[in-house]
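J.: task: produce atomic coordinates for the following.
(chains A and B)
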Number of protein chains: 2
Amino acid sequence: MRPVAVVGIGKTPFGVFADRDLRSLAVEASHKCLKNGNIEPSRVEAFYLGNFAGPSFVGQSHLAPFVAGAAGITGAPATRVEAACASSGSAFFHGWSAVAAGIYDLVLVTGVEKMTSQETPRVAEILAMAGDCGGEVRSGATFPALFAMIANRHMHQYGTKREHLAAVAVKNHANGAKNPDAHMRKVITMEQALAAKPIAEPLTLYDCSLVSDGAAAVLLAPLERAGEFTNKPVRVLGVAQTSDFVALEQKEDITTFRAVRAAAGKAYGMAGLGPQDIQFAEVHDCFTIAEIVAIEDLGFADKGQGGFYTAEGRTCPSGELPVNTSGGLKSKGHPVGATGVAQICDVVLQIRGEAGERQVKRREIGLAENLGGSGASAVVTILGAA
Amino acid sequence: MRPVAVVGIGKTPFGVFADRDLRSLAVEASHKCLKNGNIEPSRVEAFYLGNFAGPSFVGQSHLAPFVAGAAGITGAPATRVEAACASSGSAFFHGWSAVAAGIYDLVLVTGVEKMTSQETPRVAEILAMAGDCGGEVRSGATFPALFAMIANRHMHQYGTKREHLAAVAVKNHANGAKNPDAHMRKVITMEQALAAKPIAEPLTLYDCSLVSDGAAAVLLAPLERAGEFTNKPVRVLGVAQTSDFVALEQKEDITTFRAVRAAAGKAYGMAGLGPQDIQFAEVHDCFTIAEIVAIEDLGFADKGQGGFYTAEGRTCPSGELPVNTSGGLKSKGHPVGATGVAQICDVVLQIRGEAGERQVKRREIGLAENLGGSGASAVVTILGAA
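T.: Residues are numbered from 1 along each chain as shown, chains lettered A, B, ... in the order given. Now for the predicted structure:
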């Protein structure tokens, strides 16, 4: 396998865009990305589209050629990948695989979701299809309910507190307020987070990520050719996709995601690095508890200590390991199919030193963790200055 | 790229199975395939699932880990690929790519669709999502309507006759009647085909493929290791996936599928073969006109001559190029997401000499053509005795 670089990135803002359709968002991110990588659409050799539920949200299937054609990419293999909330992380993994293996040189990976054209109850139903619909979902569980169970168990098992969850929300809202592309640029206080209306005990409104529209894209090329496209190439040091059971009830321990641990192990192994080498990370905080579990599963905090670690400020921008400087899914927004690639864009921005007010100091090596469902799919990517 | 072999195949029957769910069909085909390749599920290094519309047909997303977990495959990357009716052809292409490039040795590619739990009008709506839903579909076009336009234009431009379409149906029903796994094992006469009730002028009932449940799977391995798994390995001689615009109105000429011509050109090039070298083929006869267009686009018949070629019996089992000896989508059935892999299974059966009553004599080199929508995705695969 040869070294691969991210040579272009592009994102739309995340938010509620009543006048924008799925395709226009995906094309905007794709074109920004190709412009950032200084190539014409016709040079793209393969196109991967991460999208969770376009057919359900907007009534359109066959989305990869649908977007590719409008973006000026015709003829190339155009493939939609669906892995719930890890759809575009998975698309990235497959795009990377193909370039690393020498199948293509120039691959565009775009993620997109248009969610806000549906009312909230229908959005919750569509999201729930990423769970086990014959089991847990049929019994009434939505994703807030599933993650509430994880939070309750984590609290029971490790003494994690309500304030720890709120600390994730406060931090990520503070970070997102500095991100011009974030959906909810709003600082919140610990008091506000704790007093917010309940969604699924112990999760309140501020523990839940946002329902958003948006798209993000990355352009991949062999590292040896990166200089043709950018003077700021970012190298993919390690990446892995893994799977686990879909139903929460099939997992041995719901306070940890086996798929994330496995993907992290593989990605660290490929990079020849360990958790101690990661300088900052974007993790999948679909709910605040998910960030706590993520920083444990990725090896940043000891098992059970993620809440305490967060409450001590160690994942703040000024802490030893800044987490979700973009604002995370919590504040930046969570257009499901766009999230995995958007995380990678945010890590690349930091490594390039282009993160503006959110810029971290130690910016050579960053990690992105993208989770599907309640842990049935995971993609972990480690990126570094080339 | 190293040579790749199909070392295992497995299929469920195609039909209406009121008591079977999507997952049990996919697991059955996967397990039959792994047994055929003599390996345990735990040895699968990557799993690709072709599925068009599980979320819409049965209300379940995140299908790759959902199926993989139930099949005993956990941990491996499990990825759902959606490309309309070419979903599992595309999944096969990506599985092949990964083995050919040396990323994995043992890859399972399964295709599945469970369609019959929905009533016909809803099925038509779900299928229509593979068209341009903001354009042609919004104007009222369903897939029978889109292919009726193609048929009318082909008749106008080339003199193709109603009897030519019916000849495809008569042949494929005769073939399917000999296939124990076919959905509709029923011989029909030319008179019956011509007198059938109209669906979308000039297409009648017998011009349209079936709404079916079913699954199919193939196991891929490097050719050099094929002997570990089977004594009848079948080599992938050439394969390509291509794309084109989704909307019919964006195509220059609706009597030909540019994506199929491009995929065929690439697959022939990779194989070092031409149309004259192909001894039999499974093509994507979602409608009878699609088989006529396919045999032209694949280079078997001259442009415009596909109908005449068929009417002359040249694609019959005893003809110079037997087409759809399985019965095709017309008679075997068309569980959308399963079709691409099922075609490959049927070609493999012929090459192995295991096609029973349907066995062709010249069986060294066969081709499968899988089409998505009205030609926005195409996958062409050429297989040969190893």
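J.: quick check: residues of the stretch 201-350 of chain A near chain B?
T.: A:240-246, A:250, A:259, A:262 (C-beta under 8 Å from any C-beta of the partner chain). The C-beta positions use only the backbone N, C-alpha and C, and glycine is treated the same way.
J.: now A:Thr120. Nearest residue, chain neighbours left out?
T.: Nearest in space to A:Thr120, with sequence neighbours left out and distances taken as C-beta to C-beta, 6 or more residues apart in numbering or on different chains, is A:Val211 at 6.9 Å.
J.: contact partners for that neighbour?
T.: Remark: with contacts taken as C-beta atoms under 8 Å, 6 or more residues apart in numbering or on different chains, A:Val211 is in contact with A:115-116, A:120, A:123, A:334.
J.: of the residues of the stretch 201-350 of chain A next to chain B, which belong to strands?
T.: A:240-243 (DSSP state E).
J.: closest residue of chain A to chain B?
T.: Closest approach of chain A to chain B (C-beta to the nearest C-beta) occurs at A:Ala101, with a separation of 3.0 Å.
J.: verify the stated contact: that residue with A:Met1.
T.: Yes - assessed by C-beta atoms under 8 Å, A:Ala101 is found in contact with A:Met1 at 6.2 Å.
J.: these two: which is more packed in?
T.: Neighbours were counted for A:Ala101 and for A:Met1 using other C-beta atoms under 10 Å in any protein chain shown; A:Ala101 has more, 18 against 13.
J.: for the nearest residue to the more buried one once chain neighbours are set aside, grab phi and psi.
T.: Leaving out its chain neighbours, the residue that sits closest to A:Ala101 by C-beta to C-beta, 6+ apart is B:Ala101, at 3.0 Å. Phi and psi for B:Ala101, reported as degrees, to the nearest 10, are phi -80, psi -10.
J.: got the contact list for B:Ala101?
T.: Neighbouring residues of B:Ala101 by C-beta under 8 Å, 6+ apart: A:97-98, A:101-103, B:1.
J.: could you tell me the end-to-end distance of stretch A:322-329?
T.: The distance separating the two terminal residues of stretch A:322-329, taken as C-alpha to C-alpha, to the nearest Å, comes to 15 Å.
J.: wait, a helix at A:Gly238?
T.: No - inclusion of A:Gly238 in a helix is not indicated when DSSP: H, G, I helix; E, B strand; the rest coil is applied; the result is strand.
J.: that one pairs with what?
T.: According to DSSP bridges, the partner residues bridging A:Gly238 are A:Ile382.
J.: pretty sure it contacts A:Thr381?
T.: Yes - checked against C-beta under 8 Å, the pair A:Gly238 and A:Thr381 is within contact range at 7.3 Å.
J.: overlap in contacts of these two?
T.: A:Ala267.
J.: between those two, which is the more surrounded one?
T.: Using other C-beta under 10 Å as the criterion, A:Gly238 and A:Thr381 rank with A:Thr381 on top: 28 against 21.
J.: quick check: the more buried one vs A:Ala301, distance?
T.: From A:Thr381 across to A:Ala301, the span is 20 Å (C-beta to C-beta, to the nearest Å).
J.: now A:Glu125
T.: Applying C-beta to C-beta, the value for A:Glu125 to A:Ala301 is 34 Å.
J.: ok, back up a step: can you redo the residues of the stretch 201-350 of chain A next to chain B as TSV with distance to A:Ala174 and pLDDT?
T.: Shown next, in TSV, are these (distance: C-beta to C-beta, whole Å; pLDDT from 0 to 100):
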residue	distance to A:Ala174	pLDDT
A:Ala240	31	97
A:Gln241	31	98
A:Thr242	32	98
A:Ser243	34	98
A:Asp244	32	97
A:Phe245	36	97
A:Val246	34	97
A:Gln250	37	95
A:Ala259	30	98
A:Ala262	32	98
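J.: pull out the buried residues from those.
T.: Applying a neighbour-count criterion of 16 or more other C-beta atoms under 10 Å in any protein chain shown, the buried members of these are A:240-246, A:259, A:262.
J.: quick one: which two of these are the most distant?
T.: Taking C-beta to C-beta as the measure, those span a maximum distance of 19.2 Å, between A:Ala240 and A:Val246.
J.: what pLDDT does A:Glu357 get?
T.: The per-residue pLDDT reported for A:Glu357 equals 96.
J.: typo on my end, it should be A:Ala386
T.: Looking at A:Ala386, its pLDDT is 89.
J.: so it touches A:Ala226, yeah?
T.: Yes - when contacts are counted by C-beta under 8 Å, A:Ala386 is listed as touching A:Ala226 (6.3 Å).
J.: helix, strand or coil for A:Gly384?
T.: strand.
J.: residues in contact with it?
T.: Neighbouring residues of A:Gly384 by C-beta under 8 Å, 6+ apart: A:234-235, A:237, A:271, A:351, A:364-366.
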